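Novice: show me how the following folds:
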Amino acid sequence: MNNSKNINRIKKLRKLISDNQLDAFLIPHEDEFLSEYLPKYTERLKWITGFTGSAGLSIISTNKAAIFVDGRYTTQVKLETFNKAFDYFHLINPGLFKWIEKNPYKLKRLGFDPRTISQSNYKALNYSCAKKGIKLIESKNLIDELWNRKKERNNKVAIHELKYSGLSSSKKRNKIVSYLKKHKVNSLFISQPENLCWLLNIRGNDLEHTPIVRSSAVITKDNSITIFTDNKNIKGKIHQWIGKEIEILNFNNIKNFISKTNFKSIQFDPNYTPSNIAKIFNNFILETFERDDPITLLKACKNSTEINGSRKAHLIDGIALTKFLCWLDTSSSETRIDELTTCEELLKYRKRSKSFKSLSFNTISGTGSNGAIIHYKSNKKSNKFLKENDLFLLDSGGQYKYGTTDVTRTISIAKDQKKIDYEKIINFTLVLKGHIALALEHFKYGETGLKLDYLARKFLKKNGLNFDHGTGHGVGSYLGVHEGPQNISPRSRIILEKGMIVSNEPGYYKENEYGIRIENLVTVVKSKNKNKDLTMETLTLAPIDKKLIDKSLLTKKEISWLNNYHNKVYRKLNPYLNKKEKLWLKNSTKAI
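Specialist: Just a heads-up that it's a prediction; the model follows:
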């Protein structure tokens with residue numbers, strides 16, 4: 001964002017803050033659906049600060065401003081925002097709540113939009129504010145007062161057929177009805193659009209890269225469903241696919257519906273239900289239960305149809321990525337290739353498949369120092385040409401009817417290993433060792449991902465290195481590329497179950513110099529080890545750059561894994577490549 005525009009917007013916001021008798025206003029990244037990924041017209045944090053990342057928040061007071069981001073964005077946020085305007089803080093440590101309890105801006109009245117903060121975060125924020133005597137004030141959204149937004153509505157809705165979903169909507173709804181009866185709850189509020197789309201076997205294009213219909217719903221133990229959405233295309237389609245018993249209302253009608261419906265009890269997920277909706281439930285319903293949405297876990301544990309679909313999606317995606325990698329490696333040394341060109345070329349290869357629907361996120365294509373920006377997005381200003389002494393980090397993925405992909409490869413632009421800085425080779429090999437350790441691990445049922453995260457980091461840590469992001473995130477089935485509740489991180493709390501898909505992506509980032517990440521998607525499967533219950537099956541099919549590996553640092557077991565993986569990649573992809581690509585892949589996957 002242009003700094004002058006940024007400063008001007010903040011000045012106007014500060015006047016509004018003062019006019020509303022507030023000391024500051026809270027601007028989360030999330031919108032009314034508390035989503036990680038947003039339509040352009042709800043990117044309020046980006047509009048006011050310039051920060052484009054998918055996790056963060058800002059507190060802007062009448063004379064100061066703080067912005068909080070997690071470890072993926074600590075470099076990026078300083079490049080995208082006007083440094084003199086903001087104080088920068090880590091989203092997790094110290095985090096917003098500890099920062100509030102220190103109250104460095106001497107706040108007395110903090111305004112917030114209750115539609116954009118979850119019930120659980122509202123409670124935590126209110127507690128921290130109370131400790132410091134700060135009054136938390138519900139307010140209209142002050143950003144909306146300044147921003148003349150153009151809303152995008154009436155996007156397409158499509159059925160997600162049984163051959164892809166593996167389970168009918170009626171059977172899924174019966175599972176929820178059984179849950180409600182077992183827990184003696186009258187109704188469930190489904191706040192996450194991904195959960196509702198999974199339940200009804202529908203998909204949409206309300207977001208650029210995530211095939212959802214932005215909507216929420218209430219389902220009762222009598223199996224009645226009321227959907228709340230702004231998408232007018234959904235009505236005829238849902239009634240055609242599922243039945244006319246489903247009621248569809250405008251998203252703004254939730255309060256009116258709840259107040260006039262005699263619900264004795266309702267369950268809602270406080271981590272994904274906006275505080276204004278939680279307040280409606282508490283005001284009009286006798287009993288409210290704040291618990292995890294059961295759909296979240298059901299959705300995460302893929303059935304055999306979904307797992308087989310994911311394997312097919314990864315085959316299609318692997319073909320495209322391998323063709324691209326061959327093109328990149330065999331292009332003439334005189335051909336100047338930049339980051340934006342790589343994004344365009346890779347997209348062309350993916351689009352050759354009829355089953356390709358869209359990217360699963362904006363491609364991260366960073367060479368040299370840009371590769372050290374964990375969630376970097378190239379643009380005309382930051383765009384760099386790939387140079388021989390660079391490491392090139394490429395993180396990309398696709399949405400296919402069969403499934404969702406996400407893969408990262410770090411590539412040496414140098415043709416000769418002798419020309420690569422040995423420090424880069426050492427650090428790449430340490431990242432690879434962590435990646436292999438996770439891929440090889442067999443574990444007892446009950447593992448949350450905590451131990452797996454340690455395995456992925458231990459070789460880096462022995463050398464005084466680390467990375468400031470989780471090792472793995474959940475991935476949906478033709479849904480969100482980031483899906484809960486499963487993850488692999490130091491904060492893992494959810495037990496890994498058979499059928500869950502997660503990423504395996506340790507990395508290392510040397511600020512202003514280079515970045516390294518190796519990412520495959522894996523699925524949790526039954527272990528053949530008699531003493532263990534579960535292990536990981538690697539889904540991703542793409543060669544790992546052998547020029548960046550120091551074989552002497554690998555154990556026989558690690559070398560065996562790499563050779564077996566590359567053998568699988570060659571066997572699976574070879575039939576779909578032309579003569580030149582086959583030869584390139586054969587050399588790229590040759591045993592070390």
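Novice: what pLDDT, on average, does stretch 81-96 get?
Specialist: Averaging pLDDT along stretch 81-96 yields 93.
Novice: for it, measure first residue to last.
Specialist: End-to-end distance for stretch 81-96, by C-alpha to C-alpha, to the nearest Å: 19 Å.
Novice: tell me where the stretch 451-592 of the chain has strands.
Specialist: In the stretch 451-592 of the chain, the strands defined using DSSP state E, counting those that start in this stretch lie at 472-474, 483-488, 501-504, 507-510, 514-517, 520-526, 534-538.
Novice: list the helices and strands the third one packs on?
Specialist: Of the remaining helices and strands, those touching strand 501-504 by 3 or more C-beta pairs under 8 Å, 6 or more residues apart in numbering; DSSP states H and E are helix 422-440, strand 472-474, strand 483-488, strand 520-526. Just so you know, the C-beta spots here come from the backbone N, C-alpha and C atoms, and that holds for glycine as well.
Novice: pLDDT (mean, whole number) over it?
Specialist: For strand 501-504, mean pLDDT is 98.
Novice: so who does Lys451 touch?
Specialist: Contacts of Lys451 were listed using C-beta atoms under 8 Å, 6 or more residues apart in numbering, and they are Glu441, Phe443.
Novice: give me that answer again for 10 Å
Specialist: Applying C-beta atoms under 10 Å, 6 or more residues apart in numbering to Lys451 gives the contacts Leu438, Glu441, Phe443, Lys444, Ile488, Ser492.
Novice: top of those by neighbour count?
Specialist: Neighbour count (other C-beta atoms under 10 Å) singles out Ile488 as the most crowded of those, with 29 neighbours.
Novice: quick check: which ranges of this protein have low pLDDT?
Specialist: 1-2, 152-154, 332-334 (pLDDT under 70).
Novice: give me the distance between the longest helix seen in it and the centre of its chain.
Specialist: Using DSSP state H, we find that the single longest helix of the chain is helix 304-330. Relative to its parent chain, helix 304-330 has a centroid offset of 20 Å by C-alpha atoms, centre = their mean, to the nearest Å.
Novice: what residues sit buried inside the helix or strand that comes right after it?
Specialist: Sequence-wise, the next helix or strand downstream of helix 304-330 (DSSP states H and E) is helix 339-351. Buried positions in helix 339-351, judged by neighbour count with 16 or more other C-beta atoms under 10 Å: Glu339, Leu340, Thr341, Thr342, Cys343, Glu345, Leu346, Leu347, Tyr349, Arg350.
Novice: could you do stretch 477-494 as well?
Specialist: 477-489, 492, 494.
Novice: just give me the closest of those residues to Val522.
Specialist: Ile488 (9.5 Å; C-beta to C-beta).
Novice: ok, and the closest non-adjacent residue to the closest one?
Specialist: Closest residue to Ile488 apart from its sequence neighbours, by C-beta to C-beta, 6 or more residues apart in numbering: Gly472 at 3.3 Å.
Novice: distance of the one you found from Lys526?
Specialist: Gly472 sits 19 Å away from Lys526, going by C-beta to C-beta, to the nearest Å.
Novice: who's more crowded, those two?
Specialist: Taking neighbours as other C-beta under 10 Å, Gly472 and Lys526 compare with Gly472 leading, 28 against 11.
Novice: quick check, that one in contact with Val502.
Specialist: Yes. The pair Gly472 / Val502 is scored as a contact, 4.2 Å apart, by C-beta atoms under 10 Å.
Novice: what's the overlap in contacts for the two?
Specialist: Taking C-beta under 10 Å, 6+ apart as the contact rule, the neighbours common to Gly472 and Val502 are Leu438, Gly449, Leu452, Gln486, Asn487, Ile488, Leu496, Leu521, Val522, Met536.
Novice: I'd like the residues you listed as JSON lines, with distance to Asn427 appended.
Specialist: JSON lines is the format used below for the shared contacts of Gly472 and Val502 (distance: C-beta to C-beta, whole Å):
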{"residue": "Leu438", "distance to Asn427": "17"}
{"residue": "Gly449", "distance to Asn427": "24"}
{"residue": "Leu452", "distance to Asn427": "21"}
{"residue": "Gln486", "distance to Asn427": "28"}
{"residue": "Asn487", "distance to Asn427": "24"}
{"residue": "Ile488", "distance to Asn427": "20"}
{"residue": "Leu496", "distance to Asn427": "28"}
{"residue": "Leu521", "distance to Asn427": "23"}
{"residue": "Val522", "distance to Asn427": "23"}
{"residue": "Met536", "distance to Asn427": "23"}
